[in-house]
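Participant: Just to be clear, the model below is a prediction. Sequence and coordinates:
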Amino acid sequence: MDLDALTNAKRGWTTLEHNGPMFPPLYEPHGVQMRYNGQPVALSPASEEVATFFAGVLDAEQGSNPVFCKNFFTDFLAVIRANDPPSCPIRSFELCDFRPIRNHLDRLQEQKKAATPEEKLAKKAERAALVEKYGYAVWDGRREKLGAFMIEPPGLFRGRGQHPRTGTLKRRIQPEDVTINIGPTAAVPEPPPGHRWGQIVHDPSTSWIATWRNPITGTPKYVYPGAASAMKASSDMMKFEKARQLHQYIDQIRKGYLADLTSSETLKVQRAIALYFIDRLSIRAGNEKGDDQADTVGCCSLRREHVQLEAPATIHFDFLGKDSIRYVNSIEVTRPVFSALTKLLKKKKPGDMIFDSLSTTRLNNHLSALMPGLTAKVFRTYNASTTFQSELEKTPVNGSDPEKMLAYNRANRHVAILCNHQRAVSKNHGQSMAAARDKVQLMKYTRYHMRKALPTAALASVAQHVPDIREPETDMDADERQRCMQLMIEQHMKKCVDKHRRQTERAKQKGETPPPPLDQAEIEREVAQLAASPVSTMDPSKLEVALMKLSQKISAAQAALVDRDEGKEVSLTTSKLNYIDPRISVAWCKAHTIPIAKVFNAQLTTKFDWAMSVDDDWRF
DNA sequence: GCCAAGACTTGGAAAAATTTTC
DNA sequence: GAAAATTTTTCCAAGTCTTGGC
């Protein structure tokens, strides 16, 4: 897509056609009974559905969150009252046992997993047909993909953090709840049988094709054009163009707020400090929130307890931001900033707003006076892209592709840390790290034996390529060698046993004679011998080359290990998707002859189609 | 100028798909 | 070739910011 065309593309549409949103399938009762006080309970389909929602989170965090359980149970009782006879015994959450339903869900999952390839293929085709029918809309003759096109199914509201309404029942959305936006001359899609649309509008100033209200929060939900659509691509590009403009204003803006720090007007001082935080830390604007939401803050809504001062000039931040993700950071600031903040905090006690004279609207009004269209979030985009570009300069020009990719991912991680994009450490991270570490240790164990087997002269020759080869291996002492040997034996044994088991099973299935039983003791003897001296079977003339290769493999594996551990709680995707100008990546790929597929997956490549044509010297 | 509503972007978790490993 | 690990996609909650009514 052409950049100029996108810039000039006007908002809105003249004609709009689509088949309307898709509705999730109606509930089909399974008849599996939950237990109450140890006894099975027959429930109406409506109540059974709600019970099944809860069974779905039974083993998740929500299942043990008291607020979630309480909200769920209140709504569950209401559904029971409305649909089941008064004889239904359910009164107390503690006496409920959803396990039978949970087990049923697990069985369904198993069945799904065990489906034959044909069944899976049929399922896929079914899904593709739905996408074909509902997944597109035609704007001014252009057929483009929609985003999520299905009306959200009913379920339990999964509010995050300390959300007061988490666990509340989110009822099913009916066509009567839905407003359709469509071209005035286009055929209006048929609502599901027996229903009618809530409303039909022809509003060319908006991009959504359907809207309804979240029954819990009352806020609107929409079906939008997809990320790869011209409309989204256009606004995406304009977002980055706006951020680039900031280059021309940033010096002036910084000068301005530094001067305001010593102003006699409270508003100006507060605004100056807030702007300093936003510029320096890339934190969010921080709109006010209601009591019916989780208590999270951003810059303008920071309270006294979120900030600690430490003389001579350090500020410690600790608060819950968007999605209740904790932000912890300490920064050194200049004296004027420190003294302005000290003065501001003097009269404040915990619970007080730090910037009580400021609001995001006021701050953004000020910003847009400094640069047209400038708002607080532009700083996040600007800082993310600027940081990424400058970090990429560390790419080793003559490095290998993996080394370049490491530099790319490091730059990405730098940005993610700046924006505080976190992810939960995966459940088996520790386990998988330990396994990876063992793998490295086993390689080192083998290398230890190679070194011992190699004549001094040959070792010297290897040392020319692997300088540290002659240094003693501090983590490969006698105890560790013993452990590695043991590990090698165990792994080998397991492999043999597994293989044998598979062979036996296959023979049984095919009705052939199974292999003779394993002589475990014999194998163990052989393996033990090998593990005690892993290079004994090797051709001595090939030892030198093998040692060199193994050394390279070890250092690569060690680097990957560090990389993985450092990144275990950092999410790279959010910054890549939303904050880093894709043209920086495209230019980098071209300059370093790295295929674009190495940095953008299929989805990203389509989304950033508009950025692909820049030259290798393009600068943000 | 303020406030609430509306529209659009950003966000992490979970599910699904794919790749790697044993 | 199954299981495990990793990556990608989906899901929908939760932000930001603009708009419109008074």
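Facilitator: Structure received.
Participant: Pairing partners for residue A:327 in the sheet, please.
Facilitator: Under the criterion DSSP bridges, residue A:327 forms beta bridges with residue A:319.
Participant: now it: how far from DNA strand B?
Facilitator: 10 Å (C-beta to the nearest atom of the strand, to the nearest Å). Glycine gets a C-beta too; all of them are placed from N, C-alpha and C.
Participant: which residues touch that residue?
Facilitator: By C-beta atoms under 8 Å, 6 or more residues apart in numbering, the contact list for residue A:327 reads A:283, A:317, A:318, A:319, A:320, A:321, A:420.
Participant: Return the distance of the residue nearest to the fifth one when sequence neighbours are not counted relative to DNA strand B.
Facilitator: If I follow you right, that is residue A:320. Using C-beta to C-beta, 6 or more residues apart in numbering and skipping the chain neighbours, the partner closest in space to residue A:320 is residue A:296 (4.8 Å). Per C-beta to the nearest atom of the strand, residue A:296 is found 11 Å from DNA strand B.
Participant: cool, and residue A:422?
Facilitator: 5 Å.
Participant: show me what contacts that residue?
Facilitator: Residue A:422 sits next to A:325, A:569, A:570, A:571 when contact means C-beta under 8 Å, 6+ apart.
Participant: how does it look with 10 Å?
Facilitator: Contact analysis of residue A:422 by C-beta atoms under 10 Å, 6 or more residues apart in numbering lists A:321, A:323, A:325, A:326, A:327, A:416, A:569, A:570, A:571, A:574.
Participant: For it, grab phi and psi.
Facilitator: phi -110, psi 170 (degrees, to the nearest 10).
Participant: So what sits opposite it in the bridge?
Facilitator: Going by DSSP bridges, residue A:422 is paired in beta bridges with residue A:570.
Participant: Quick check, pLDDT for it.
Facilitator: The score at residue A:422 is 95. That number is its pLDDT.
Participant: Next: the one 4 residues further on.
Facilitator: The score at residue A:426 is 82. That number is its pLDDT.
Participant: number of nearby residues for it?
Facilitator: When neighbours are counted by other C-beta atoms under 10 Å, residue A:426 registers 11.
Participant: so it is in which element?
Facilitator: Using DSSP states H and E, residue A:426 sits in no helix or strand.
Participant: Go ahead and confirm it touches residue A:432.
Facilitator: Yes - under the criterion of C-beta atoms under 10 Å, residue A:426 makes contact with residue A:432 at 7.7 Å.
Participant: so what's whichever residue of the stretch 1-150 of chain A sits closest to DNA strand B up against?
Facilitator: For the stretch 1-150 of chain A, the residue positioned closest to DNA strand B under C-beta to the nearest atom of the strand is residue A:60, at a distance of 4.9 Å. For residue A:60, the contact set (C-beta under 10 Å, 6+ apart) comprises A:68, A:158.
Participant: Look up phi and psi at it.
Facilitator: Torsion angles at residue A:60 (phi, psi; degrees, to the nearest 10) stand at phi -90, psi 170.
Participant: Kindly indicate the member of the contacts of residue A:422 with the most neighbours.
Facilitator: In terms of neighbour count, residue A:416 stands highest of these at 25 neighbours, by other C-beta under 10 Å.
Participant: Look at that residue and tell me its secondary structure.
Facilitator: Following DSSP: H, G, I helix; E, B strand; the rest coil, residue A:416 is assigned to helix.
Participant: so what's it up against?
Facilitator: Each residue near residue A:416 by C-beta under 10 Å, 6+ apart is listed here: A:384, A:388, A:409, A:422-423, A:567, A:570-576, A:579-580.
Participant: what do you get if the cut-off is 8 Å, keeping everything else the same?
Facilitator: With contacts defined as C-beta under 8 Å, 6+ apart, residue A:416 is in contact with A:570, A:571, A:572, A:574, A:575.
Participant: now swap in residue A:180 and tell me
Facilitator: A:20, A:188, A:189, A:197, A:199, A:200, A:201, A:209, A:210.
Participant: Is it located within a strand, as I assumed?
Facilitator: Yes - looking at residue A:180 with three-state DSSP, it is inside a strand.
Participant: Could you confirm whether stretch A:108-127 reaches DNA strand B?
Facilitator: Yes - for stretch A:108-127 and DNA strand B, the contact criterion (C-beta under 7 Å from any atom of the strand) is met by A:124, A:127.
Participant: Next, the distance between the ends of that stretch.
Facilitator: This stretch, stretch A:108-127, spans 19 Å end to end (C-alpha to C-alpha, to the nearest Å).
Participant: So which bits of that stretch are buried?
Facilitator: For stretch A:108-127, burial by neighbour count (16 or more other C-beta atoms under 10 Å) applies to no residue.
Participant: again with stretch A:434-454
Facilitator: Going by neighbour count (16+ other C-beta under 10 Å), the buried part of stretch A:434-454 is A:436, A:440-451, A:453-454.
Participant: so how far is stretch A:437-452 from its chain's centroid?
Facilitator: Distance of stretch A:437-452 from its chain centroid, counting by C-alpha atoms, centre = their mean, to the nearest Å, is 36 Å.
Participant: check which helix or strand covers residue A:411.
Facilitator: Counting by DSSP H and E, residue A:411 is found in helix A:401-418.
Participant: right, and the helix or strand after that helix?
Facilitator: Using DSSP H and E, the next helix or strand after helix A:401-418 towards the C-terminus is helix A:429-453.
Participant: and the stretch 351-500 of chain A, which residues reach DNA strand C?
Facilitator: So the stretch 351-500 of chain A meets DNA strand C at A:360-361, A:364, A:368, A:373, A:375-378, A:426, A:428, A:431-432, A:435-436 (C-beta under 7 Å from any atom of the strand).
Participant: which one of the residues you listed is nearest residue A:339?
Facilitator: For those, the residue nearest residue A:339 by C-beta to C-beta is residue A:376; the value is 24.1 Å.
Participant: Leaving out sequence neighbours, find the closest residue to the closest one.
Facilitator: In space, residue A:376 is closest to residue A:285, 3.7 Å off (C-beta to C-beta, 6+ apart).
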